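Asker: below is the sequence, then the predicted model.
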Amino acid sequence: MSDRDSLPGRDASLWLDTTERTDYPPLDGDRMVDTAVVGGGIAGVTAALHAAEAGQSVAVLESDRIVEGVTGKTTAKVTAQHGLIYADLLDKHGRDAARQYGKANSAAIEEIADRVERHDIDCNFERLPAYTYAGDEDQRGAVSREATVAEGLDLPAEFEPDPPFPGETPGAVEFEEQAQFHPRKYLLALADQILEADGEAEIFEQTKVTAVDDRDGGDHCRVETEHSVVTAESVLLTTHFPIEDPGFYFARQYPKRSYVLAVELADEPPRGMFYRDKSPYFSARPHPSAEGPMMLVGGQNHKTGQGGSTADRYRKLERQARDHFDVESVEYRWSTQDYVSVDRMPYVGELGPTTEGVYVATGFGGWGMTNGTAAGRMLAEFARGEDPRWADAFDPTRIDPEAGGKNLVTENLNVGKEFTKDWAEALLGGKDADIAPGEGQVVRRGGKPLAAARDDEGDLHVSSAVCPHLDCIVHWNDGEQSWDCPCHGSRFSIDGEVLEGPAVEDLPKRGE
Ligand SMILES: Cc1cc2nc3c(=O)[nH]c(=O)nc-3n(C[C@H](O)[C@H](O)[C@H](O)COP(=O)(O)OP(=O)(O)OC[C@H]3O[C@@H](n4cnc5c(N)ncnc54)[C@H](O)[C@@H]3O)c2cc1C
Ligand code: FES
């Protein structure tokens, strides 16, 4: 029996478990379209629908199945309240940019509400207030300032000294009329509408894009998949981490991994969505369930590949949930990661300073339901040659050392430290491995660091431990049974197959 068998709940996302898997065909030959959308998460599906509604011909190219990536594992709060972000954006970027961020995200809530209503989408969409509560007296001032700043940016914010959170708190910033939904039910309905829209649109799954070339002075971009080529006037790169990186996104954003439990409660949950923006981070929102009152709780954030046992994080999260709620049972557990930009503003716009016709959306900072929806609209507008309303604030080519400089240095120093420490450990120690089922270790063979792990059945899997992105040493993730890179967040299966970028190549297999 592996350690994972003792973890709370079933190892599955509630959103994936309560919807049918999609079955769109793979791309079967070359295509020429107005807009190619690479990646079928919330940003890609929303962008594709906007483009199709504008009468464009569209090809959505998804390497796996749509809405099974980060979007299939979110907690799906649909809110412009993103922790204590507005005071930070004001300090880093100034009033105008902070206001644009708030407007883009508020408009995204209304876009989702409007689509749900107009098309009668059955996706548990529900209006609720959102609260970022102070974890202790020390944080009261920061929470109160956030309320003042957000109110000054015309957001529906106020300081609430007595929020309905079931725990000790000296107060919260409350945003009225926010929302939550079932992200897959919503986005799978949008995918149907993409195919029904005026333009000629197609969705292709199991179609991995291997390279994207920009217009380069010509009329068309070129998108290569494993077997075919799509020629497009514009390409929208919505692969979470961009699969082409001429903008050095790996050094300008960092991966934040966090954990979710779906728990059944003995009593009705409080009315509201809650967030504590300080360690130990904690997020909670109700979920309507036929089985009885349910709450989704999240937290235990850490940089991917760093911070020890991930399995323990599920146990700690369960304890946090039980501290605040009368938990009857834990039904599901899952985990995923999102990229946070060094200046906290997402990157939405032209992929690189010299690229033409390729647009990116990334760095949603853990708040992609609204940022991804806003990005989808903006990307489709770029593809039509328009100038989107909030483009300045989100411009990926921005260079503002004042805004992101300190974090840029800190993040890249952290990468350098991980690189040196892990290579020293890998070369000096870990020669003999006694690995139990469900465990993995970096071991040394012939002077080379190897990633060796045993699956739950006891079979040993061995691959190189050197991340093909920029040569950092991968770490074992015991909660998900994967190899995770502590430098920029690439993840690999127990067999070394790449699960998420920036790496695009597998860890080479080695003999056992
Ligand atoms: C634990 C957790 C909880 C969260 N909760 C919230 C929340 O409550 N509210 C909120 O607003 N945000 C939340 N977020 C953030 C939000 O979920 C993400 O920002 C958002 O889902 C990212 O969407 P995306 O479209 O960029 O990426 P994804 O959903 O990952 O979509 C990218 C797609 O691209 C595909 N792809 C990758 N490479 C290729 C390739 N080479 N070729 C073709 N396709 C490719 C992938 O398979 C994937 O389907 C949370 C994040 C985490 C980690
Ligand atoms: S993800 Fe950059 S070195 Fe591994």
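Answerer: Cool, the structure landed. Numbering: from 1, shown residues only. Ligands and ions are numbered 1, 2, ... in the order given.
Asker: so which bits of the stretch 151-300 of the chain are right by ligand 2?
Answerer: Residues of the stretch 151-300 of the chain found near ligand 2 (CB under 6 Å from any ligand atom) are Phe250. Placement of C-beta: from N, CA and C, glycine included.
Asker: can you show me the helices along the stretch 151-300 of the chain?
Answerer: 183-196, 249-252 (DSSP state H, counting those that start in this stretch).
Asker: so can I have JSON lines of the ones you listed showing mean neighbour count and mean pLDDT?
Answerer: Listed next are these as JSON lines, based on neighbours: other CB atoms under 10 Å; pLDDT from 0 to 100:
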{"stretch": "helix 183-196", "mean neighbour count": "20", "mean pLDDT": "97"}
{"stretch": "helix 249-252", "mean neighbour count": "21", "mean pLDDT": "90"}
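Asker: how near is Arg444 to Arg510?
Answerer: 12 Å (CB to CB, to the nearest Å).
Asker: give the intersection of the neighbour lists for the two.
Answerer: Leu450 (CB atoms under 8 Å, 6 or more residues apart in numbering).
Asker: if we can go back for a sec, would you turn the helices of the stretch 151-300 of the chain into CSV with distance to ligand 1?
Answerer: Converted to CSV, the helices of the stretch 151-300 of the chain look like this (distance: least, CB to the nearest ligand atom, whole Å):
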stretch, distance to ligand 1
helix 183-196, 8
helix 249-252, 12
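Asker: so which of those comes closest to Val466?
Answerer: helix 249-252 (16.2 Å; CB to CB).
Asker: ok, the closest residue to ligand 1 within the stretch 351-500 of the chain - contacts?
Answerer: As assessed by CB to the nearest ligand atom, ligand 1 sits closest to Gly368 within the stretch 351-500 of the chain, at 2.0 Å. In this structure, Gly368 makes contact with Gly41, Ile42, Ala43, Val70, Thr71, Thr74, Asp338, judged by CB under 8 Å, 6+ apart.
Asker: mark which of those residues are part of helices, please.
Answerer: Counting by DSSP state H, the part of the contacts of Gly368 found in helices is Ile42, Ala43.
Asker: filter the contacts of Gly368 down to the ones near ligand 1?
Answerer: Okay, of these touching ligand 1 (CB under 6 Å from any ligand atom), that's Gly41, Ile42, Ala43, Val70, Thr71, Thr74, Asp338.
Asker: mind putting the residues you listed into a markdown table with pLDDT and neighbour count?
Answerer: Listed next are those as a markdown table, based on pLDDT from 0 to 100; neighbours: other CB atoms under 10 Å:
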| residue | pLDDT | neighbour count |
| --- | --- | --- |
| Gly41 | 98 | 26 |
| Ile42 | 98 | 32 |
| Ala43 | 98 | 33 |
| Val70 | 97 | 20 |
| Thr71 | 98 | 26 |
| Thr74 | 98 | 25 |
| Asp338 | 96 | 24 |
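Asker: quick one: which of those is nearest to ligand 2?
Answerer: When the ones next to ligand 1 among the contacts of Gly368 are compared for distance to ligand 2 (CB to the nearest ligand atom), Asp338 wins out at 15.1 Å.
Asker: that closest one contacts Phe241, doesn't it?
Answerer: No - in this structure, Asp338 is not within contact of Phe241 by CB atoms under 8 Å, at 10.0 Å.
Asker: shared neighbours of the two, anything?
Answerer: With CB under 8 Å, 6+ apart as the test, Asp338 and Phe241 reach no residue in common.
Asker: any idea what Tyr339 is bridged to?
Answerer: Pro255 (DSSP bridges).
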